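>>> Show me the folded form of this:
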Amino acid sequence: MHELFDAAAAILPDVVALRRDLHRHPELGLDNPATQVRVMEALSDLPLDVQSGTGTTSVVADLTGDRDGPTVLLRADTDALPMTEDTGLEFQSTVEGRAHACGHDAHTAMLVGAARVLSDRRDEITGRVRFMFQPGEEGFAGARVMINEGVLDGVDRAFALHISPNQRVGVASCRPGAVLAGDTSITCTITGRGGHASAPYRATDPIPATAAIITALQTAVTREIDVFDPTVLTIAHVVAGTTTNVIPETAFFEGTVRCISERTRERIREVVARTVHGVAEAHGCTANLEMVDGYPVTMNDPTEAARFAEVCTSALGDDSYRLLPAPSMGGEDFAYVLQKVPGVMALFLGVCPADEPNPRAAPSLHSNRMRLNEDGMAHGVALHVGMALHEVPPGLTPGTEMAWEVVDFASLMGLEAHGPDVFVGISPEYPWGRVYGGQVVAQGLRAAQSTVDGDYHVHSLHAYFIRGGSSDEPIRYEVDRIRNGRSFVTRRVVARQSDGAILNLSCSFHLHEDQADVQESLLPDDVGEPGSGTVEDWSILGRRVAHQSTGRSSNWLRVL
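A predicted model of the protein is given here:
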């Protein structure tokens, strides 16, 4: 599939030109009319069925292949951010207070490029490719609007990607399961009783109450939410008072909560409400709290994540794919698409500027100085094309089976160390709604072996499940080092989630030994008739099978 990259590279000048045109003229929210016109012009000479949105300035274009098959949706967002650009680029934004600082101009241009490459390879398409150009990703839920307009009608699977200037060109990363957080906004007004600053005892000051609430919220997160289920609560805006000698009647604050499981999202609402109202009451104030859920958790289908890994290595090279070690705490309305159809959101496609030797030091997304290496856009075009053309072998249905080819087995067995004896793993989202027991056992065994030094091999394993685990949150594996012998090691592992233990596992490991086992006593020729319940020579029972070298033996017993 390297020819996909060659085809993408051949049209890169046109892709770059379109991206720069869009970059100069950024538009906000759901209303992107100039962008819509520019996209439709760029698609006009291709064999596509192009439709414009009714509720937004979206564009939907269908490319139908010569053979029947699935419909694959490829999506790009088109809107910009309400901020002023300060990159100094010759094609810098011409609109004050608007900038493409999140790379949506590149996303749009790459998808147009993919439409061009796929149109040239129409005879390779089985089914249909749908191109979704979506406004309003930055807080306006444009994906949900387009879903209501029918963009997912007949769609079998979906793909989107996001660029990052903090990853080197030629590398793309992804992960199964949760890849982006769900967000919930917090808005609160604390009401007390105003008064003169010289006599606070005659007033009920909402400012100390607000300060105490903000501090208590941070404590509540660390004390009531599992540390291995990432949750971020940030109060970013506080307003109170008008002058130095007046105690105000009200204080106002707002912020955001980010979670990677819907269960924790529900839990944090309860925790925030109890904390806010309780602390406010303790200060003699009242609280008017509003919490509004934003985008849901973005969940990648494991089959589609495996498909992306295969496409990435095939189209861009063996060293192009990276397993994303943890979800990003950002949010993305492509989550609404992934709630409806199996698909994958690839985070991230590397576009680190060529003059930046350290990708981590490059200005990040949403920075007024964010720049990208436009050469990386050829990789994005190739990945879109590859995801449209890549087929699952007969007999496996995307979204209902495990990955038909485990491209990166480590992504399923992967563990992150949280100390010498604690490891954290994730589970893909399975159709039955719980974790897959075999994977949990395998991760538990791997956690145990990670604490064993030397060339020890698995000897025995005993495990039982206490309850079903949830795929909405990570699993913590706690290892107890029961025994460290010269040739034999024993471990006990407990797998936990926020509701408690889900698995208890005991296992042992041993060093390889070359000598053969020999019996000190052989079984007699006649041990009685089968089913008679008798053994002619009872002295046989309890004899040992001894190793040729000292220090190792085992019991045996024949039962008839």
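>>> And the strands in the stretch 201-350 of the chain, which stretches?
231-240, 246-247, 250-259, 286-293, 298-300, 321-323, 343-350 (DSSP state E, counting those that start in this stretch).
>>> Mind putting these into JSON lines with distance to V489 and mean pLDDT?
C-beta coordinates here come from the backbone N, C-alpha and C atoms, glycine included. Shown next, in JSON lines, are the strands of the stretch 201-350 of the chain (distance: least, Cβ to Cβ, whole Å; pLDDT from 0 to 100):
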{"stretch": "strand 231-240", "distance to V489": "36", "mean pLDDT": "96"}
{"stretch": "strand 246-247", "distance to V489": "66", "mean pLDDT": "97"}
{"stretch": "strand 250-259", "distance to V489": "38", "mean pLDDT": "97"}
{"stretch": "strand 286-293", "distance to V489": "48", "mean pLDDT": "97"}
{"stretch": "strand 298-300", "distance to V489": "36", "mean pLDDT": "95"}
{"stretch": "strand 321-323", "distance to V489": "29", "mean pLDDT": "89"}
{"stretch": "strand 343-350", "distance to V489": "39", "mean pLDDT": "95"}
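>>> Using JSON lines, please lay out those strands together with mean neighbour count and distance to T451.
Shown next, in JSON lines, are the strands of the stretch 201-350 of the chain (neighbours: other Cβ atoms under 10 Å; distance: least, Cβ to Cβ, whole Å):
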{"stretch": "strand 231-240", "mean neighbour count": "15", "distance to T451": "28"}
{"stretch": "strand 246-247", "mean neighbour count": "17", "distance to T451": "58"}
{"stretch": "strand 250-259", "mean neighbour count": "21", "distance to T451": "30"}
{"stretch": "strand 286-293", "mean neighbour count": "14", "distance to T451": "40"}
{"stretch": "strand 298-300", "mean neighbour count": "28", "distance to T451": "30"}
{"stretch": "strand 321-323", "mean neighbour count": "18", "distance to T451": "22"}
{"stretch": "strand 343-350", "mean neighbour count": "27", "distance to T451": "31"}
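>>> Minimum distance to F334: which of the ones you listed has it?
Among these, the nearest to F334 by Cβ to Cβ is strand 343-350 (5.2 Å).
>>> how about the helices in the stretch 1-150 of the chain?
Counting by DSSP state H, counting those that start in this stretch, the segments of the stretch 1-150 of the chain that form helices are 2-10, 12-24, 33-43, 104-120, 142-148.
>>> send the alpha carbons of the longest one over as CSV?
Yep, that's helix 104-120 we're talking about. Provided in CSV are the C-alpha atoms of helix 104-120 (Å, rounded to 0.1, in the frame of the first residue of the first chain):
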residue,chain,number,x,y,z
HIS,A,104,-9.2,22.0,10.9
ASP,A,105,-8.0,23.7,7.7
ALA,A,106,-5.5,20.8,7.2
HIS,A,107,-8.2,18.2,8.0
THR,A,108,-10.5,19.7,5.4
ALA,A,109,-7.7,19.9,2.7
MET,A,110,-6.6,16.4,3.4
LEU,A,111,-10.1,15.0,3.0
VAL,A,112,-10.5,16.8,-0.3
GLY,A,113,-7.2,15.3,-1.3
ALA,A,114,-8.4,11.8,-0.3
ALA,A,115,-11.6,12.3,-2.4
ARG,A,116,-9.3,13.1,-5.4
VAL,A,117,-7.1,10.0,-4.9
LEU,A,118,-10.1,7.7,-4.4
SER,A,119,-11.8,9.1,-7.4
ASP,A,120,-8.8,8.0,-9.5
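>>> What angle do helix 2-10 and that helix make with each other?
120 degrees (axes from the mean of the first three to the mean of the last three Cα atoms, to 10 degrees).
>>> how far off helix 33-43 does helix 104-120 point, in degrees?
With the same axes, to 10 degrees applied, the angle from helix 104-120 to helix 33-43 works out at 20 degrees.
>>> Equivalent analysis for the first one, please.
Taking the same axes, to 10 degrees, one finds that helix 2-10 is oriented at 120 degrees with respect to helix 33-43.
>>> Now do helix 2-10: everything it contacts.
113-114, 117, 120-121, 314-317, 378-382, 385-386, 389 (Cβ atoms under 8 Å, 6 or more residues apart in numbering).
>>> Give me the buried positions along it.
Buried positions in helix 2-10, judged by neighbour count with 16 or more other Cβ atoms under 10 Å: L4, F5, A7, A8, A9.
>>> can you check the longest one too?
Counting neighbours by 16+ other Cβ under 10 Å, one finds that the buried residues in helix 104-120 are 104-119.
>>> what does stretch 216-226 give?
Buried residues in stretch 216-226 (16+ other Cβ under 10 Å): A216, L217, A220, V221, I225, D226.
>>> is it true that the second one touches L233?
To tie it back to what came earlier, the one meant is L217. Yes - between L217 and L233 there is a contact at 5.7 Å, judged by Cβ atoms under 8 Å.
>>> Can you work out which residues contact both of those two?
V272.
>>> before we move on, the earlier item: in JSON lines, list the buried residues of helix 2-10 along with pLDDT and distance to L63.
As requested, those are exported to JSON lines (pLDDT from 0 to 100; distance: Cβ to Cβ, whole Å):
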{"residue": "L4", "pLDDT": "92", "distance to L63": "16"}
{"residue": "F5", "pLDDT": "93", "distance to L63": "20"}
{"residue": "A7", "pLDDT": "95", "distance to L63": "15"}
{"residue": "A8", "pLDDT": "96", "distance to L63": "16"}
{"residue": "A9", "pLDDT": "96", "distance to L63": "21"}
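>>> Report how many residues lie close to N504.
The tally of other residues near N504 (other Cβ atoms under 10 Å) stands at 15.
>>> And L43, by the same measure?
If we define neighbours as other Cβ under 10 Å, then L43 has 21 of them.
>>> Inside helices: which ones of the contacts of helix 2-10?
113-114, 117, 120, 314-316, 378-382, 385-386, 389 (DSSP state H).
>>> can I see the domain layout of this protein?
As recorded under automatic domain parsing, the domains making up the chain are 2-180+297-389, 182-293, 414-511, 519-560.
>>> Can you tell me which of those is packed in deepest?
domain 2-180+297-389 (a mean of 21; mean count of other Cβ atoms under 10 Å).
>>> Quick one: end-to-end length of it, please.
Distance across domain 2-180+297-389, first residue to last, is 13 Å (Cα to Cα, to the nearest Å).
>>> picking up where we left off before, between the strands of the stretch 201-350 of the chain, which one is nearest to D49?
Per Cβ to Cβ, nearest to D49 of those: strand 343-350, 21.5 Å.
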